[in-house]
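> This is the structure alone, sequence omitted:
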């Protein structure tokens, strides 16, 4: 599936550009049922969501590495 330069790639993290391994996106692209996505049990802070560029909000998932980094930062 191709994406134009102006729309975020749903398979890429909007923060680092890495593969987000979103099972829901993999299932949508392949039509093959996937196990529940890792993100369904992850903790996403409001501060992490605030870092997502406006054009990518609701379009692409944050990757596990970025979630882990955000959770390990001292408050």
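Cool, the structure landed. These numbers come from a predicted model, not from an experiment.

> how much space between the residue positioned nearest the centre of the chain and residue 31?
Closest residue to the average C-alpha location of the chain: residue 61 at 1.6 Å, with C-alpha atoms, centre = their mean. Per C-beta to C-beta, to the nearest Å, residue 61 is found 19 Å from residue 31. Glycine gets a C-beta too; all of them are placed from N, C-alpha and C.

> And residue 60, by the same measure?
Relative to residue 31, and taking C-beta to C-beta, residue 60 is found at 20 Å.

> Give me the phi and psi angles of residue 12.
The phi/psi pair for residue 12 (degrees, to the nearest 10) reads phi -120, psi 140.

> can you check the one 5 residues further on too?
Backbone geometry at residue 17, expressed as degrees, to the nearest 10, gives phi 80, psi 0.

> residues contacting residue 11?
Residue 11 makes contact with 19, 20, 22, 25, 26, 29, 60, according to C-beta atoms under 8 Å, 6 or more residues apart in numbering.
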